[in-house]
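1. Fold the following.
(chains A and B)
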Number of protein chains: 2
Amino acid sequence: MLGCGVVGTEVARVLTTDAEELGRRVGAPVELVGIAVRRIERTRDLDLDPNLFTTDAQALVARGDLDVVIEVIGGIEPARELILSALANGASVVTANKALLAEAGSELYAAAEAAERDLYYEAAVAGAIPIVRPLRESLAGDRVTRVLGIVNGTTNYILDAMTTTGASFDDALEDAQRLGYAEADPTADVEGFDAAAKAAILSGLAFHTSMTLNDVHCEGISNVTAADVRSAAEMGSVVKLLAICEADQERGTVSARVHPVMIPNTHPLASVRGAFNAVCIESEAAGQLMFYGQGAGGAPTASAVLGDVVTVARHRLNGVFGPKETSHADLTPIPIGEARTRYHVSLDVDDRPGVLAAVANAFANHGVSIKTVRQEGRGSDAQLVVVTHEASDADLAATVADIRSQDMVRGVSSVMRVEGVA
Amino acid sequence: MLGCGVVGTEVARVLTTDAEELGRRVGAPVELVGIAVRRIERTRDLDLDPNLFTTDAQALVARGDLDVVIEVIGGIEPARELILSALANGASVVTANKALLAEAGSELYAAAEAAERDLYYEAAVAGAIPIVRPLRESLAGDRVTRVLGIVNGTTNYILDAMTTTGASFDDALEDAQRLGYAEADPTADVEGFDAAAKAAILSGLAFHTSMTLNDVHCEGISNVTAADVRSAAEMGSVVKLLAICEADQERGTVSARVHPVMIPNTHPLASVRGAFNAVCIESEAAGQLMFYGQGAGGAPTASAVLGDVVTVARHRLNGVFGPKETSHADLTPIPIGEARTRYHVSLDVDDRPGVLAAVANAFANHGVSIKTVRQEGRGSDAQLVVVTHEASDADLAATVADIRSQDMVRGVSSVMRVEGVA
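-> Next up, the predicted model:
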């Protein structure tokens, strides 16, 4: 095992205390033979032989007698080099490293295939929730059309708190930090980078296409206001940060993006509370599937890692390996401007005749069709709330720029995408 | 393929129209070479070479050149003999046949292992929802403690209609039959037999134990009344038919049962509407997971069948096979009397002093601890509604028998188990 943090500690605990049962499931004894860490002297809540620990990760993976290497260091280097070395030295690899897979997945999958070893990574997306295996295997005879996921617990916790209490983003973030749901530096979570890495992995799996973090458009939740959350509630919706992966088989394109959306309360993802994760998969034959559970934390992530360890160990025992990565569909990632969805736009306007016509004209000029408009407030509080039919992101952006320049519009207070509407 | 009904037709359609894509996913061409049916002349919504059809199923499975046999006939015979023959003749088998697996699973798994072929059956439980693979593989490094499932769409549709409209069971069933959600003879669904077969399969997988239909206690929903549904609503709960599989590792026992329960509205299973299915898995490390989707219908079931076909075909191509069935834990199924849960009991009582004491005494005498009691109505409409703490089913049954014999109790109008309460 490489790394022994929160997840690694749980993995090591089960590998030692439950080795007998794991061995029965694999069909051969399971033994943890080494753990590479940065600092051996760190106190760990584990009753392990101290001789298992080493600071020389490279020597550990190069032993040559390892069946499975578990990588739970995280980050790009040295994780990448160590995984490549483990594969080259004949071990299969189980990793929870979403950032690495989203950056260098193709290189690692190719190395695993060349080495005739497994590279498994169920824990990299949505923690304990089985999602990689269902996409890779259960749905292998179907065509996935869309994946919508709440794949970051921190942002879901913050948005849920804003929905429940009416708090501002800053206050909800502070609470989340105090309660341990957000890190001291919350950037990777609240700016959507963590979710974007998972969107790259999910879209690659779902659509048999090689995807990297660069192919994923990413917006976080730091600009979501209490007013946005209230607006959503007035529409019978909630604000969620979603990873969205959509394929258009006819055009041969895929759109992968992470941004806040309004989704109706009746959508299965709307009721995902707190730090829980959930992923909806829509496919041609199976229809809508949803997978729900704990997306992070030591024990849940360890469950996913150990499920992979058992599978990979069974393969080693039988001299075989699991399904290879497939990128045969080779769809083209499209920029956010070409993505199509619906929009909820709030405008501060002058409360006088002609304002609605002017605004409606701006939408029409850019080919964006309006579904509903309502005016809220009067006089200096007057607001127009516009919900559109499906339009391209570029057309919507041009519309908003146009509206901003109009005399009667004092400001565009919120633009949010709307998902999950039939 | 054996059988060409609703599911078979969808499987055949995808196998022919999407053969190229399936072949890319498998890594070799996929060809449908024969379909055994009872009546060749039946009209089918399929554009297939008529020469593919045969009435001689036995000759088809004995060809000797088949890689995969898909069994979608259903029922015990001839499905059982045909599957055994297919395995003996060198084919792997994909089946959707829950009744057969719940009756003769051990025999079939042993035959598959002896033949070094796969026996896959994702479609047998909860249709399109991946549940067999997650239990068999994703959670192979964890310890499942409990499985709660809505695994029969017909009964969920009927109970949901009763909840939404206040209808009686008979009226809701009639509506379900008219709309095609229930069959003309609804016995297998409404009496819980279909769900019980799935409970046998789920508990076997979850707890590494050989389970048959005889090990599953089964009660249907035909005795659920509009009053039960109203009582549940008053408690902030809904009535659902659940398959419940629980292991007690210390005692070495497993309880598998199907019966109506009240579950709180806050439980993820409470919001499963209409004919949808959902399965909650609770495990030591992963915590609570839920899987949700369409549990029946041609296309969704075909999706699960074809996912298995791709997996099994990949295995054939690589000369390997998937994880074997495990029954090493060999837990002992317990009768319903030993199962422990909470209960909701409604009594018609005389509205006079002493009645509560008498009822409370009856519970106490059988060691059943009361959580709440409330009186509803006055005079001749007086009712006592008792909710208990956890107790054994046998103790609860003895308590109820005792109460029935009391002078002040005019009748026991409802006894229902309560699940999903922390």
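
2. which parts of stretch A:27-43 are buried?
-> A:30, A:32, A:34, A:35, A:36, A:37 (16 or more other C-beta atoms under 10 Å in any protein chain shown). (C-beta placed from N, C-alpha, C; glycine too.)

3. what would those look like in TSV with secondary structure and pLDDT?
-> Output for those, formatted as TSV (DSSP: H, G, I helix; E, B strand; the rest coil; pLDDT from 0 to 100):
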residue	secondary structure	pLDDT
A:30	coil	95
A:32	coil	96
A:34	coil	96
A:35	strand	96
A:36	strand	96
A:37	coil	95
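
4. Please identify which of those is nearest to chain B.
-> Of all those, chain B sits closest to residue A:30, with 9.6 Å by C-beta to the nearest C-beta.

5. Tell me the pLDDT of the closest residue to chain B within the stretch 301-422 of chain A.
-> Residue of the stretch 301-422 of chain A nearest chain B, by C-beta to the nearest C-beta: residue A:306 (2.4 Å). pLDDT recorded at residue A:306 is 96.

6. Which neighbouring elements make contact with the helix or strand in which it is found?
-> For residue A:306, the element it lies in under DSSP states H and E is helix A:298-318. Secondary structure elements in contact with helix A:298-318, counted by 3 or more C-beta pairs under 8 Å, 6 or more residues apart in numbering or on different chains; DSSP states H and E, are helix A:6-17, helix A:19-26, strand A:68-71, strand A:92-95, strand A:119-120.

7. centre of the chain versus it, how much separation?
-> 21 Å (C-alpha atoms, centre = their mean, to the nearest Å).

8. Please work out the average pLDDT along the helix or strand just after it.
-> Past helix A:298-318, further along toward the C-terminus, the next helix or strand under DSSP H and E is strand A:332-333. In this model, strand A:332-333 has an average pLDDT of 96.

9. And the helices in chain A?
-> A:6-17, A:19-26, A:57-61, A:79-88, A:98-115, A:132-133, A:153-165, A:169-178, A:187-190, A:193-207, A:226-234, A:298-318, A:355-365, A:393-404 (DSSP state H).

10. returning to what we had before: just send the buried residues of stretch A:27-43 back as CSV, with distance to residue A:243 too.
-> Output for the buried residues of stretch A:27-43, formatted as CSV (distance: C-beta to C-beta, whole Å):
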residue, distance to residue A:243
A:30, 34
A:32, 33
A:34, 35
A:35, 32
A:36, 31
A:37, 32
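
11. which among these gets closest to residue A:319?
-> Nearest to residue A:319 out of those is residue A:30 (C-beta to C-beta; 17.5 Å).

12. hang on, isn't that closest one packed against residue A:22?
-> Yes. With contact defined as C-beta atoms under 8 Å, residue A:30 reaches residue A:22; the gap is 4.6 Å.

13. Pull up the overlap in contacts between the two.
-> Residues touching both residue A:30 and residue A:22 (C-beta atoms under 8 Å, 6 or more residues apart in numbering or on different chains): A:15, A:309.

14. Measure how buried residue A:192 is and give me the count.
-> The local packing of residue A:192 (other C-beta atoms under 10 Å in any protein chain shown) involves 27 other residues.

15. next one: phi and psi at it?
-> Main-chain torsions, residue A:192, degrees, to the nearest 10: phi 90, psi 0.

16. residues from the stretch 151-300 of chain A in reach of chain B?
-> A:208, A:268, A:271, A:283-294, A:299-300 (C-beta under 8 Å from any C-beta of the partner chain).

17. Which members of the residues you listed are classed as buried?
-> Of those, these count as buried by 16+ other C-beta under 10 Å: A:208, A:268, A:283, A:285-294, A:299-300.

18. Pull the most distant pair out of those.
-> A:285 and A:299 (34.6 Å).

19. what's the domain layout of chain A?
-> Domains of chain A are assigned by automatic domain parsing as A:6-127+A:298-318, A:132-294, A:337-418.

20. who wins for proximity to residue B:72 among these?
-> domain A:132-294 (13.7 Å).

21. just the buried residues of stretch A:27-43 now: which is nearest residue B:414?
-> residue A:30 (49.9 Å).

22. Can you pull out the low-pLDDT segments for the stretch 151-300 of chain A?
-> Within the stretch 151-300 of chain A, no range satisfies pLDDT under 70.

23. What does the residue of chain A most remote from its centre show for phi and psi?
-> The centre of chain A is farthest from one residue, residue A:353, which by C-alpha atoms, centre = their mean lies 45.4 Å away. For residue A:353, the backbone dihedrals (degrees, to the nearest 10) come out as phi -60, psi 140.

24. Quick check: pLDDT value at it.
-> Reported pLDDT for residue A:353: 84.

25. for residue A:422, same thing?
-> In the predicted model, residue A:422 carries a pLDDT score of 71.

26. Now do the contacts for it.
-> Applying C-beta under 8 Å, 6+ apart, no residues contact residue A:422.

27. hang on, the earlier thing: would you mind measuring from the residue farthest from the centre of chain A to residue A:99?
-> 54 Å (C-beta to C-beta, to the nearest Å).
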